[in-house]
Each structure stands twice: as structure tokens, then as C-alpha cells.
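Asker: coordinates only, no sequence provided:
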RNA sequence: GCCCCCAUCGUCUAGAGGCCUAGGACAACACCCUUUCACGGUGUAGACAGCGAUUCGAAUUCGCUUGGGGGUACCA
């Protein structure tokens, strides 16, 4: 490293053939962290060369999810930048030039093989149980032969000529990686429809966008030698590569829809906080040097070293994510939390309360929850009549009748403006029944809670009584 | 099949030859706190996949085996 060293430029290159996957989000995060730590730039590029599988809706979901996570890019399709366009489908005119350059330099050649011929080659290889490699049938076609084929209307694909050699590169997270390129075979770089293949488009774009470090999932390891070969043929500088372990489902298979949420937007819909999601996913592979796991992105970035990232796969388990989400919910600014929580309460008529009161409701119910979604059930009795079906038995006990009849008498005199007074009176109430009837404090409270909320658990009783208000409390006591 | 990657408590991980009778976090369990559920606190239980080799000494290095993952396309 020295001063003439170019600025770090990393990229995240999702293909819009699905919503933003949590694994892609982690890759984006690690790129973002690396850029932040090194003062580099973080670029978003949309890889939509496969037009059939790409869609505008998915692209939008990727944008929205990345933004929701706070992983904002320095350059990209919407914000622009000096190396655009940042959508591969808008770069289709770029690739053929470079493909032609490779042909001219003898690194690539036209291939007229039909899909049927290629399938047949695959079939034979499979039958003989030998690894498949393109036959190079088209490698030595003469100009006349090629012209004849073209005259027949056959449009060639373009293949990269791979010579056998040992290829070694030093991976940022895995260390030294070795490949025998003799095993690869001549792979396509341009399809016969004129669009580039993935491996070619990536190299051209990364080269033109001056990407210095490619940090991506280890499912790309086997693409790397192919890509390095292209860089070398082009005479371009090969970037550094870093391959991250994959995120697996608890059954150790690829994390997919059948395991539950996989898209960031799904997690958000379930009531996960983006801060928690990000923090959790960072811990899959990275660990803080001070042992403090709850950290925001800036703190993580400051402590982030790509070479210290774990190189093994990790399993996505919900327990810790849920715990972490709960931690964030407990600590989040109440106004911000209320904003996030309100959409989860839309089945209720929230307008019967003021904003201040709504914040208060969230404040007193946030403690035990792990998902924002939990709020719907936990706040039910603030918005609707309680459902007494679960506490019928409890309310019909001698104890409950005792407690409630006295409570009903006394509540009339409670000053609802004064929470301290409510608190003290309830304390006295518990003591009274303990001393006179031998009821346990919690039994006394259970009776009151059941009568007022239809539950045996929930928010602090003082707050609940105060929020409900005197009229509602009396109404509920009289209704049972 | 072939190529590649990976391998510490159930899970995420710390650990870069002696600091390790392997540390932390989540989950579990117990107890404490307490107006409920929780939160919080204090504890308990729980792992170096196996086998060889190197070394005075290995979770840490090397090899093999096993297991898991990825790739093997004119998908990305």
C-alpha cells in the first residue's frame, strides 16, 4: 500500500430475479463495511443480462430493501456516477467490442454449435462418466467454413479459449486458492443472442467501473479463475477477491422460501427492525474484537477487517435474531418505534388515542416483545373490548369476586391523573388482601388484570389502568 | 463422477504452538428480583469430527478419512 494506490471501490451486484435475499444483504453489508473502513466507494450494479428472469418489481424491492437497511450506495442506477450506466441491460453495446477484441487477439473464437450438439456432448460425457469439457469443435474453423455457417443464418456464440495452467490467487478471506484451468473448458462469453454471459459481463463491468475488491459469496469461487483469465487476456488489472461463506438454513441446506422468510422485505413485514437484522447478519462471520455484540453499522465498520471474517458457512437461526430484535425494540427511541409499530396496529381504531397516548401504549407493551408484529396481540385490550374467554374460570373464583367487589368500590375514588397514587393504592390493596385473606399479591393482581384486560399477563397494571381511563375501567368492571 | 471450499458447545463465534482443566453470546435449565409476562442479575449444563504425523508441547501445523456446502450452462 502506498499513496499511488488507487482508491478502494467495491460493488454489490444483485440480479433482479427475486426480492433482496438476506444473504445478498449480508454481502452488501460486508462490502459497505469494507468501503467505509477503507474510505472507499460502494457501487450498486444491477445484473439483468437475463431479461427473462429479471423484473422491474424485483429491482424496486432491491432498492427499497437496501435503503431500508441503510446500505446506501455511492454510485448506482438511480444516483448515477462517473462509470455508468449501472444496469447491465443498458450496457449491451459495450460487451461485443471487448469480445471482438479477444477474438482478434486470439483469446476467443466463434462457436456455431447448436444447443442440440452441446446437449449431446454433455450426454456423452455423462455416459462415459468423465467431466464435461467443450469439444473445441469450432476452434479451428476456417474463414470459409465460418462464412458458410453464417450464410446459413447461424449466429455464433463466442467462447473463451482456456489453456491449461495452474492458476493461483490469494483470496481475502480464504487465503491461497489454486486451480487447474485445464479442467475448465472453453466457456461462452457471448451468447448467440448477442448478450454477454455472466462471467464476461462481470469482468467487463468491474474493469470499467474500476472495482478494486470483489467481495461476494463463495458460490462464486469457481467463477473466479474464469474471470481472472479474462482480465489477463484483456490486459486489465485483476482485482482482489474475497469469498464469504454462505448462509444456510437450520437443516444445512440452502436458505430458501420453505424455511420461512428469506427476503429482507419479508423480515420487515414480520416486524424485524432493520438495525437488528443488519447487526445479526454481521455476526454471521464477523465478530467484535471487544466482545460487545450489539453494535450499529458505524461501530461495526470501525472494527471491521475483511481478513478476519470467518470462512465457513453459517446457519441462520432465529433465536438470536429474535433476542436481538427485542433488544433493539427495548432501546429504540419511542417516537421512532411508534412510527414503525403503527402499521402493525392498523386493524384497530388507533385514532381514539392521542399520539402521546399511543406512544405510551407502545412504551408499556414493548418490554416483552421480540417482533413488532407481537404488538397487535399485546395491545388488543387497549383498543377493543377484552376477550374474557381465557380468564372465565379465574374470574369465577371466590378470590376474584372478593378482590373485584372491593376494587370496584374503591376505584371510584382513584385519581387517574396521578399514577403514583394509583401505584400506592394498588400496593395497599395487595397488602390488604394478603393480610386479611391470605391472597398472594400476584393473585390479587391477576384478578384485576383479568377483569380489565381478559389476560393474565400484559403491561404494567398502573399504566394499563391509567391509559384505559376511569370510565372504561368502571365499565369493564361492571361488565363482568 | 470431477473440481473447489469448510469443519470448536444445539446455533453464532473467540482462539493465529505453551496464556485453554477451551472464553463469550443466543437458546436450555436453576435460583434471585418482581403486581403478571418479561427485563435484569447470579449460577449450571454443553464443543476442539476421527485417525495418523511434526513437536518437549497441537483446538491451533501437515496428511488421510468422514461429514457438510458450493460449482460443474449460450443462469446469475
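Answerer: Structure's in. What do you need? Please read these numbers as outputs of a predicted model, since none were measured by experiment.
Asker: get me the contact residues on the stretch 151-300 of chain A for RNA strand B.
Answerer: The stretch 151-300 of chain A has residues A:156-157, A:174-175, A:177-180, A:183, A:187-188, A:191-193, A:195, A:197-199, A:218-223, A:245-246, A:248, A:252-254, A:283-285, A:287, A:291, A:293 near RNA strand B, with proximity defined as CB under 7 Å from any atom of the strand. Backbone N, C-alpha and C define where each C-beta goes, glycine included.
Asker: out of these, which are buried?
Answerer: A:156-157, A:174, A:179, A:187-188, A:192, A:195, A:197-199, A:218, A:220, A:223, A:245-246, A:248, A:283-285 (16 or more other CB atoms under 10 Å).
Asker: next to RNA strand B in this structure, residues from the stretch 351-480 of chain A, please.
Answerer: Applying CB under 7 Å from any atom of the strand, one finds that the stretch 351-480 of chain A approaches RNA strand B through A:367-368, A:423, A:426-427, A:430, A:441-442, A:445-446, A:449, A:456-462.
Asker: could you list which of the residues you listed belong to helices?
Answerer: If you go by DSSP state H, these have A:423, A:426, A:427, A:430, A:441, A:442, A:445, A:446, A:449, A:461, A:462 in helices.
Asker: quick one: the strands in the stretch 251-400 of chain A, in order.
Answerer: A:314-315 (DSSP state E, counting those that start in this stretch).
Asker: any regions of it where pLDDT drops low?
Answerer: For the stretch 251-400 of chain A, no stretch has pLDDT under 70.
Asker: swap in the stretch 101-250 of chain A?
Answerer: Filtered on pLDDT under 70, the stretch 101-250 of chain A yields no residues whatsoever.
Asker: where exactly do the helices run in it?
Answerer: A:115-128, A:143-151, A:198-208, A:224-234 (DSSP state H, counting those that start in this stretch).
Asker: for the ones you listed, which one ends up most surrounded?
Answerer: Ranked by mean neighbour count under mean count of other CB atoms under 10 Å, the helices of the stretch 101-250 of chain A are led by helix A:198-208, which reaches a mean of 22.
Asker: residues in contact with that helix?
Answerer: Residues outside helix A:198-208 that contact it (CB atoms under 8 Å, 6 or more residues apart in numbering) are A:11, A:13, A:45, A:47, A:49, A:83, A:88, A:91, A:94-95, A:98-99, A:160, A:187, A:189-190, A:196, A:211, A:214, A:223, A:226-227, A:230-231, A:234, A:236-237, A:239.
Asker: relative to helix A:224-234, how tilted is it?
Answerer: For helix A:198-208 against helix A:224-234, the angle by axes from the mean of the first three to the mean of the last three CA atoms, to 10 degrees is 50 degrees.
Asker: pLDDT score for residue A:5?
Answerer: Listed pLDDT for residue A:5 reads 59.
Asker: strands along the stretch 1-150 of chain A, start to end?
Answerer: Here the stretch 1-150 of chain A has its strands, by DSSP E, counting those that start in this stretch, at A:9-12, A:41-44, A:108-111.
Asker: just checking, what packs against the second one?
Answerer: In this structure, strand A:41-44 makes packing contacts with strand A:9-12, helix A:22-38, judged by 3 or more CB pairs under 8 Å, 6 or more residues apart in numbering; DSSP states H and E.
Asker: to residue A:138, which of the ones you listed lies closest?
Answerer: strand A:9-12 (33.5 Å; CB to CB).
Asker: report the buried residues of that closest one.
Answerer: Neighbour-count burial for strand A:9-12 [16+ other CB under 10 Å]: A:9, A:10, A:11, A:12.
Asker: who are the packing partners of that strand?
Answerer: Strand A:9-12 packs on helix A:22-38, strand A:41-44, strand A:213-217, going by 3+ CB pairs under 8 Å, 6+ apart.
Asker: would you confirm that residue A:98 contacts residue A:234?
Answerer: Yes - the criterion here is CB atoms under 8 Å, and residue A:98 meets it with residue A:234 at 6.8 Å.
Asker: now the contacts of helix A:198-208: which count as buried?
Answerer: Burial by neighbour count, 16+ other CB under 10 Å: within the contacts of helix A:198-208 this picks out A:11, A:13, A:45, A:47, A:49, A:83, A:88, A:91, A:94-95, A:98-99, A:160, A:187, A:189-190, A:196, A:211, A:214, A:223, A:226-227, A:230-231, A:234, A:239.
Asker: circling back to that earlier point, which two of the buried residues of strand A:9-12 lie the greatest distance from each other?
Answerer: The farthest-apart pair in the buried residues of strand A:9-12, when distances are taken by CB to CB, is A:9 and A:12, at 11.8 Å.
Asker: among the buried ones among the residues of the stretch 151-300 of chain A next to RNA strand B, which are located in strands?
Answerer: Under the assignment DSSP state E, those contribute A:157, A:179, A:187, A:188, A:248 to strands.
Asker: possible to save these as JSON lines with distance to residue A:348?
Answerer: JSON lines is the format used below for these (distance: CB to CB, whole Å):
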{"residue": "A:157", "distance to residue A:348": "59"}
{"residue": "A:179", "distance to residue A:348": "60"}
{"residue": "A:187", "distance to residue A:348": "58"}
{"residue": "A:188", "distance to residue A:348": "57"}
{"residue": "A:248", "distance to residue A:348": "39"}
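Asker: and residue A:95, how close does it get to residue A:448?
Answerer: 73 Å (CB to CB, to the nearest Å).
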